[in-house]
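Peer 1: sequence first, predicted model second:
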Amino acid sequence: MLALRRPDTRVLAWLLCFPLAGTYAQVGGADDMPRFGWLRQLVGACWQGRTADGTPTDTQCYELQYGKFLRGTIAIPSAGLLGDSVWAWDEAGKRITLTAWSSSGAITNGEAYFEGDAVVFPVQRRDGAKPTSRTRWQRIDADSFQVTRQRRAEADWADVAAFTYQRVR
């Protein structure tokens, strides 16, 4: 049996991608995949994250499920953690909704929206106030994307940490 110690910051970074949110709205129809933008290009591949110094963080793999959902898996060897997620298009909110769960027993609901070509995952606050942190995914090229954790700094966002993901298969 695997014993987990206190959470690794990379685990927390992954969980920040899947913030606590409200209930699901009804998902859209069969043509949802184009609404996922460049995220649909992650399907059928695995992506390994690395810190700025080249240290591996995790590996994420994506598949299409039922022709309309994006399904992701993650493995974080340093924490002995595995996770799954299902992403759906919320037509009413014009956002992606998702549910993620991990081998530690954690389950989170979240949302994401497009900000230009970037995909933004706000970290919802329990008190309902505006988010003060978020995770931003930006495509670099066909074989890589960057994930940046950000905190609100005055009226703008400041980068806290960045990870680059490369296609590994």
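Peer 2: Structure received. Residues are numbered from 1 along each chain as shown.
Peer 1: can you give me the strands for this protein?
Peer 2: In the chain, the strands defined using DSSP state E lie at 45-50, 56-65, 69-76, 81-90, 95-102, 107-115, 118-122, 133-141, 144-153, 156-167.
Peer 1: quick one: Pro34 from Ile107, how far?
Peer 2: Going from Pro34 to Ile107 by Cβ to Cβ, to the nearest Å gives 29 Å. C-beta: built from backbone N, CA, C; applies to glycine.
Peer 1: where are the low-confidence patches of this protein?
Peer 2: Across the chain, the ranges flagged by pLDDT under 70 are 1-32.
Peer 1: change it to 50
Peer 2: Along the chain, segments meeting pLDDT under 50 span 1-30.
Peer 1: what's near enough to touch the residue nearest to Ser103 when sequence neighbours are not counted?
Peer 2: Nearest non-adjacent residue to Ser103, counting by Cβ to Cβ, 6 or more residues apart in numbering: Leu82, 4.4 Å away. By Cβ atoms under 8 Å, 6 or more residues apart in numbering, the contact list for Leu82 reads Thr73, Ile74, Ala75, Ile76, Ser102, Ser103.
Peer 1: can I get those in CSV with distance to Ala158?
Peer 2: Shown next, in CSV, are the contacts of Leu82 (distance: Cβ to Cβ, whole Å):
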residue, distance to Ala158
Thr73, 31
Ile74, 26
Ala75, 29
Ile76, 25
Ser102, 28
Ser103, 32
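Peer 1: want to throw those into a markdown table with neighbour count and distance to Trp89?
Peer 2: As requested, the contacts of Leu82 are exported to a markdown table (neighbours: other Cβ atoms under 10 Å; distance: Cβ to Cβ, whole Å):
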| residue | neighbour count | distance to Trp89 |
| --- | --- | --- |
| Thr73 | 14 | 20 |
| Ile74 | 22 | 21 |
| Ala75 | 16 | 26 |
| Ile76 | 22 | 27 |
| Ser102 | 21 | 23 |
| Ser103 | 15 | 27 |
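Peer 1: alright, that wraps it up for me.
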